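Asks: have a look at this prediction, sequence included:
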Amino acid sequence: MHLALVGAFPFPFPQGSQVYFAEQAGSLAVVGARVTLVTGPTPLATPADVARVDVRSAADMAAAVTAQVKQCDVFI
């Protein structure tokens with residue numbers, strides 16, 4: 001199963017939501033899901049076995065989401 005998680009956090013440093021989001025991605029990967037995390041700038045490390053697409057603008061986010069939604073079974 002391929003899941004795409006999308007997070008747009010307008011914070012310059014990790015907030016609770018960003019940390020929780022990264023933990024969700026990592027937990028899903030541990031149980032065997034193929035996970036792609038689409039996220040804005042963050043200093044947080046990408047969890048093991050999670051693909052990451054970094055975006056910087058709304059246009060980047062739209063393009064990344066459009067590409068990912070075509071490839072995944074679940075989109076969050």
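Replies: Looks like it came in fine.

Asks: could you pull out the strands for the protein?
Replies: 2-7, 34-39, 50-54, 74-75 (DSSP state E).

Asks: sheet partners, orientation included, of the last one?
Replies: Taking DSSP bridges as the criterion, strand 74-75 sits next to strand 2-7 (parallel) in its sheet.

Asks: report the angle between the strand it pairs with and strand 50-54.
Replies: 40 degrees (axes from the mean of the first three to the mean of the last three Cα atoms, to 10 degrees).

Asks: residues contacting strand 2-7, please?
Replies: Applying Cβ atoms under 8 Å, 6 or more residues apart in numbering, the contact partners of strand 2-7 are 17-18, 21, 24-25, 28, 33-40, 61, 64-65, 68-69, 71-76. Yep, even glycine has a C-beta here, placed from its N, CA and C like the rest.

Asks: so where's the chain uncertain?
Replies: The chain contains residues with pLDDT under 70 at 5, 8-20.

Asks: that older thread, please convert the strands of the chain to TSV, extending it with mean neighbour count.
Replies: Shown next, in TSV, are these (neighbours: other Cβ atoms under 10 Å):
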stretch	mean neighbour count
strand 2-7	19
strand 34-39	22
strand 50-54	17
strand 74-75	14
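
Asks: list the residues that contact the residue nearest to the spatial centre of the chain.
Replies: Centroid-nearest residue in the chain, with Cα atoms, centre = their mean: residue 37, separated by 1.9 Å. Listed by Cβ under 8 Å, 6+ apart, the contact partners of residue 37 are 5, 7, 21, 22, 25, 46, 47, 50, 51, 52, 53.

Asks: so what pairs up with it in the strands?
Replies: residue 5, residue 52.

Asks: how close does it get to residue 56?
Replies: 15 Å (Cβ to Cβ, to the nearest Å).
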